[in-house]
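> Here is a sequence with its predicted model. Questions after.
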Amino acid sequence: MTQQRVLLIISGGIAAYKSLELVRLLRKRGIAVRAVLTQSAAQFVTPLSLGVLTEDQVYEDLFDLKAEREIGHIQLSRQADLVVVAPATANILAKMANGIADDLATTLLLATDKPVLAVPAMNVRMWHHKATQRNLNQLRADGVQVMEPDDGAMACGEFGKGRLPEPEAIAAEIERLLSSVRPEPVEAPTDILNGRHILITAGPTHEPIDPVRYIANRSSGKQGFAIAAAAARAGARVTLVAGPVHLPTPAGVDRVDVETARDMLAAVEAALPADAAIMVAAVADWRTADAADQKLKKDGSGRPAPLTLVENPDILATLGHHAQRPALLVGFAAETQKIAEHAQAKLAKKRADWIVANDVSGPPGTSVMGGDANTVQIVTAAGIESWPSLPKGEVADKLIEKVAHALSSPRD
Ligand code: CTP
């Protein structure tokens, strides 16, 4: 089932801190959340904490050029099943009621074609003010759902109506509204890879030091497994060579489990020929020169046993130069800077057709490694294609669509 998505617009006000709890409750219910902060909301909650909780980029400024290039505000406002403004200040309600779009949040609200829920929070007098009530009536008439604020003590010391409802109540209301909207269909391609063999590597490799220790990395295998699942849904015969990961085998996929880089290379070569190979694995660059047969013991000197490392075979480069080189060869690369330049160099060195560059430069806790979202750029000889931050499942579907298109087009 497609995951339902909420675009959460947080406007400024002391109640903004409750939006963090709201995000947590929505994620617990399996709902994806993309957050937008107004300038004043950013005084109350940090983009970092929101980014960690949503596992996505947090959007703040209309004129953030990078975001504009990667994802237009029109697109942002429509890639959701429901738009929620919580807390909604008297100010943002007034702008919404009058069609004013003078920052990212209000521009999204004017550009969206999705249902909108406003959850007001403000001082009791502001709530009862004729202007606010007039704006609320206008919004209701325009089809905006407005949740009634709670009664009670306010941060400003007054008492009355205007408190933000408890996050649990807002989450329940969001769930109720979502149950009546059909999720935006994510184009899941079917049958476009019928009769093709797609070879995929995923996960880390483990390089033994001795019988109980090994060298490893943080790759979860999620992106590679999602690509294997998407390729199988698209009708391909899929061989997935997986390093040690804890993930179920996607339906219709032939899985070969391996430990080390050398095992992975052998399994990849054994699976040839293939129409396309997508090398997603985070292969360890080095292994120990000679793994010990017995557990290494401390010798009392206080000095650790020396480890000599040697380079592992490069599986992607081996395929690039292979007699049975697949017609389409795709590599992945984790980059933090000069993404295009480094990826171009990798294309040439490894004789790959595309490098899917992951931008791993985000703040700690928002890393793609182990997370559910990914921001990628596809670097080819023809140029660079930038995709917005997407759930790994959607990156997989889009990539498989692109693979199918490339395999069906005559090569120039
Ligand atoms: N790769 C491989 N075999 C290796 C190392 C890497 O097949 N021994 C593949 C990976 O599966 C991936 C691509 O090559 O498709 C990544 O290339 P790499 O040079 O390792 O790039 P980074 O991991 O980004 O590392 P660095 O930038 O440090 O070179």
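Everything's here; your move.
> CA only for contacts and neighbour counts going forward, please
OK.
> So which bits of this structure are right by the ligand?
The chain comes close to the ligand at residues 279-283, 285, 312-316, 331-335, as judged by CA under 6 Å from any ligand atom.
> Show me just the buried residues among these.
Neighbour counting by 16 or more other CA atoms under 10 Å classes 279-283, 312-316, 331-335 among those as buried.
> and of the residues of the chain next to the ligand, the nearest to residue 73?
Using CA to CA, residue 335 is the member of these that sits closest to residue 73, with 25.9 Å.
> Report how many residues lie close to the nearest residue to that closest one once chain neighbours are set aside.
In this structure, residue 335 finds its nearest non-sequential neighbour in residue 359, 5.5 Å apart by CA to CA, 6 or more residues apart in numbering. For residue 359, the neighbour count with other CA atoms under 10 Å is 19.
> Ok, residue 341 next?
Neighbours of residue 341 under the rule other CA under 10 Å: 10.
> Counting by contacts, list what whatever helix or strand it lives in packs against.
Assigned by DSSP states H and E, residue 341 belongs to helix 339-350. With contacts taken as 3 or more CA pairs under 8 Å, 6 or more residues apart in numbering; DSSP states H and E, helix 339-350 sits against helix 315-320, strand 354-359, strand 376-380.
> got the angle for the second one vs strand 376-380?
Going by axes from the mean of the first three to the mean of the last three CA atoms, to 10 degrees, strand 354-359 is angled at 150 degrees with respect to strand 376-380.
> Run through who's touching strand 354-359.
With contacts defined as CA atoms under 8 Å, 6 or more residues apart in numbering, strand 354-359 is touched by 329-336, 339, 343-344, 346-347, 368, 374-381.
> Any quick ChimeraX command for the buried ones out of these?
Restricted to buried positions by 16+ other CA under 10 Å, the ChimeraX selection for the contacts of strand 354-359 reads:
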select :329,330,331,332,333,334,335,339,343,344,346,347,368,374,375,376,377,378,379,380
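> How many neighbouring residues does the nearest residue to residue 379 once chain neighbours are set aside have?
Once flanking residues are discounted, residue 379 sits nearest to residue 355: 5.2 Å by CA to CA, 6+ apart. When neighbours are defined as other CA under 10 Å, residue 355 has 28 of them.
> Check what pLDDT residue 355 gets.
The model reports residue 355 with a pLDDT of 96.
> do the one 5 residues further on as well
Residue 360 is assigned a pLDDT of 74 by the prediction.
> Can you tell me the closest non-neighbouring residue to it?
Sequence neighbours aside, residue 336 is the residue nearest to residue 360 in space, at 5.4 Å (criterion: CA to CA, 6+ apart).
> Is the one you found in contact with residue 375, as I believe?
No. The pair residue 336 and residue 375 fails to qualify as a contact (CA atoms under 8 Å) at a distance of 11.7 Å.
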